[in-house]
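> any chance you can model this:
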Amino acid sequence: MSNRFTQYILAAMVLGIVMGSAIYNFLPDTRADWASSINLIAMMFLRLIKMIIAPLVFATLIGGIAHMGSGSKLGRIFAKTMGWFVSASFVSLLLGLVMVNLLQPGANFPGTLPAAGQSTGLPVSAFSIEKFLTHLIPTSIADAMAQNEILQIVIFAVFFSVAMGSMPERSKPILAMIDDVGHIMLKVTSYVMLFAPLAVWAAITATVAKNGLGVLWKLVVFMGGFYLSLAILWAILIIVGFIVIGPRYSNLLKLIREPLMIAFSTASSEAAYPKTLEGLNRFGASSRISSFVLPLGYSFNLDGTMMYCTFASVFIAQSYHIDMPLGTQLAMLATLMITSKGVAGVPRASLVVIASTLAQFNIPEAGLLMIMGIDTFLDMGRSATNVIGNTLATSVVAKWEGELGPEHELEPGDVVPGDMVPGEVPAMAGHG
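Here you go, the predicted model:
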């Protein structure tokens with residue numbers, strides 16, 4: 001079934017390119033209407049994904065933490081997870097900086113540059129600890145779940161789970177109910193994912209119908225350089241995976257083919273979350289590890305987005321012939337390392353981060369107008385890279401904790417063998 005599903009998605013992508021190109025070339029007067037109408041299908045799918053994300057994260061995360069044991073173990077896993085995230089973010093930012101300086105995609109930009117004072121319409125504001133902390137802490141768990149603020153849900157779930165652990169007898173019926181909710185949400189997920197090929201077709205068709213493939217040629221050097229950089233980042237992540245996890249890491253890459261294609265074709269890492277979680281569980285990562293690390297990764301470990309931030313920022317500076325000494329570029333890297341963590345849940349978050357960073361370094365924000373037209377095509381690569389980075393992080397933490405067990409076959413929507421609850425592991429450590 002997994003192979004058929006992969007084939008359906010590939011076929012949907014090809015069909016989307018063909019139909020989108022036909023609409024763009026043969027229906028020029030109505031292509032915007034066609035794109036808008038077809039895109040409704042993709043938007044409905046993304047709304048279905050958003051519908052299940054909050055309860056799925058909440059149930060699996062509380063189940064995972066509640067079964068994790070002592071608070072010291074939770075603290076140790078959190079420290080390892082954040083250590084990995086910070087290291088991966090630094091490598092991604094640095095690689096983007098190195099590649100944009102080597103390739104110089106903006107040095108001889110052939111197009112017309114937007115006027116330096118032109119506005120992009122993006123919400124730009126300087127980073128502050130106050131804004132970061134107020135975004136981090138939910139004022140209401142209901143509001144956090146309504147807005148799909150994953151990081152805020154994680155914060156509440158940690159407090160809730162630790163409190164449950166301090167009252168084991170009283171918590172038993174609540175934990176049983178949450179475990180049942182986890183089972184049900186996994187089944188709901190399997191139903192929602194049946195619509196993925198249709199959504200992939202709609203997303204690709206609408207994008208190509210609206211913009212055409214010709215728009216890519218206007219910034220072919222920039223796009224080519226960025227995707228070359230992504231390929232190098234993928235190579236680094238895969239090599240690290242083989243070093244830390246061993247030869248079986250190749251099996252994980254096979255298991256996440258579907259979430260990679262979903263993320264790429266819909267330009268949404270969030271759309272791939274349920275399938276990513278399923279792939280990690282099939283790989284043998286303990287559910288309590290994957291349900292804890294993966295949601296955090298969606299806020300702190302967006303490798304593709306990190307690399308894009310430095311690559312695009314310096315590209316714009318090059319286009320406007322603004323000299324950026326090495327010290328200034330390293331200062332920009334440090335700034336992005338911090339500011340990028342404070343915009344989780346913001347639409348087009350990478351563009352917002354870049355716009356804020358450009359303003360701080362006196363680079364025209366209008367430069368973003370050059371790449372906003374092709375941002376969807378760039379976001380496809382970023383989203384897929386975010387998926388592979390988060391699966392690697394989760395499996396590595398599971399390996400370090402001795403909770404990377406043997407692989408097991410799961411049908412979509414199933415949980416780990418033995419009808420275990422989300423987050424539960426067998427008596428012997430090391431098996432998820």
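> looking at the protein, which helix is longest?
Across the chain, the longest stretch assigned as helix under DSSP state H is helix 31-66.
> helices and strands around that helix, which ones?
Other elements packing on helix 31-66 under the criterion 3 or more Cβ pairs under 8 Å, 6 or more residues apart in numbering; DSSP states H and E are helix 2-26, helix 141-146, helix 150-166, helix 168-193, helix 196-211, helix 257-266, helix 273-283, helix 287-300. (Each C-beta comes from the backbone N, C-alpha and C, glycine too.)
> which strands and helices sit next to the second one?
Spelled out, it's helix 141-146. Where contact means 3+ Cβ pairs under 8 Å, 6+ apart, helix 141-146 is packed against helix 31-66, helix 150-166.
> in that helix, what's buried?
Buried positions in helix 141-146, judged by neighbour count with 16 or more other Cβ atoms under 10 Å: 141, 144, 145.
> identify, from those, the entry nearest to residue 51.
Of all those, residue 51 sits closest to residue 145, with 10.7 Å by Cβ to Cβ.
> with adjacent residues omitted, what lies nearest to that closest one?
residue 54 (4.1 Å; Cβ to Cβ, 6 or more residues apart in numbering).
> who touches the one you found in this structure?
Residue 54 is in contact with 144, 145, 146, 148, 150, 153, counting by Cβ atoms under 8 Å, 6 or more residues apart in numbering.
> how near is the second one to residue 157?
Read it as residue 145. Relative to residue 157, residue 145 is positioned 11 Å away (Cβ to Cβ, to the nearest Å).
> common neighbours of the two, please.
Common neighbours of residue 145 and residue 157, using Cβ under 8 Å, 6+ apart, are residue 58.
> tell me the SS of the nearest residue to residue 53 once chain neighbours are set aside?
Distances taken as Cβ to Cβ, 6+ apart place residue 148 nearest to residue 53, at 5.4 Å, with adjacent residues excluded. Recorded secondary structure, residue 148: coil (DSSP: H, G, I helix; E, B strand; the rest coil).
> now residue 148: phi and psi?
phi 60, psi 40 (degrees, to the nearest 10).
> what do you get for residue 285?
In terms of degrees, to the nearest 10, the main-chain angles of residue 285 are phi -70, psi 130.
> is it true that it touches residue 403?
Yes: using Cβ atoms under 8 Å, residue 285 is in contact with residue 403, at 7.2 Å.
> the more surrounded of the two?
Ranked by neighbour count (other Cβ atoms under 10 Å), residue 285 and residue 403 place residue 285 first, with 30 against 22.
> and the closest residue to that one other than its chain neighbours, what pLDDT?
Closest residue to residue 285 apart from its sequence neighbours, by Cβ to Cβ, 6+ apart: residue 398 at 4.1 Å. Listed pLDDT for residue 398 reads 93.
> can you get me a residue count around residue 398?
A count of nearby residues for residue 398, using other Cβ under 10 Å, gives 26.
> follow-up on the earlier one: tell me which of the buried residues of helix 141-146 is nearest to residue 219?
Using Cβ to Cβ, residue 144 is the member of the buried residues of helix 141-146 that sits closest to residue 219, with 37.4 Å.
> for that closest one, give me its contacts.
54, 138, 152, 153, 156.
> thought the fourth one was touching residue 140?
This means residue 153. No: using Cβ under 8 Å, residue 153 makes no contact with residue 140, being 11.5 Å away.
> which one of the two is surrounded by more residues?
Taking neighbours as other Cβ under 10 Å, residue 153 and residue 140 compare with residue 153 leading, 23 against 11.
> against residue 55, how distant is the more buried one?
For residue 153 relative to residue 55 (Cβ to Cβ), the value is 10 Å.
> quick one: low-confidence residue ranges for the stretch 151-300 of the chain.
215 (pLDDT under 70).
> just the C-alphas of stretch 371-385, formatted as PDB.
What follows is stretch 371-385, C-alpha atoms only, in PDB (Å, rounded to 0.1, in the frame of the first residue of the first chain):
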ATOM      1  CA  ILE A 371      12.100  36.400  -4.900                       C
ATOM      2  CA  MET A 372       8.500  36.500  -3.500                       C
ATOM      3  CA  GLY A 373       7.200  35.500  -6.900                       C
ATOM      4  CA  ILE A 374       9.100  32.200  -6.800                       C
ATOM      5  CA  ASP A 375       8.900  31.700  -3.100                       C
ATOM      6  CA  THR A 376       6.500  28.800  -3.400                       C
ATOM      7  CA  PHE A 377       9.000  26.900  -5.600                       C
ATOM      8  CA  LEU A 378      11.700  27.600  -3.100                       C
ATOM      9  CA  ASP A 379       9.400  26.700  -0.100                       C
ATOM     10  CA  MET A 380       9.000  23.200  -1.600                       C
ATOM     11  CA  GLY A 381      12.700  22.500  -1.200                       C
ATOM     12  CA  ARG A 382      12.800  24.100   2.200                       C
ATOM     13  CA  SER A 383       9.800  22.100   3.500                       C
ATOM     14  CA  ALA A 384      11.200  18.800   2.300                       C
ATOM     15  CA  THR A 385      14.500  19.600   3.900                       C
END
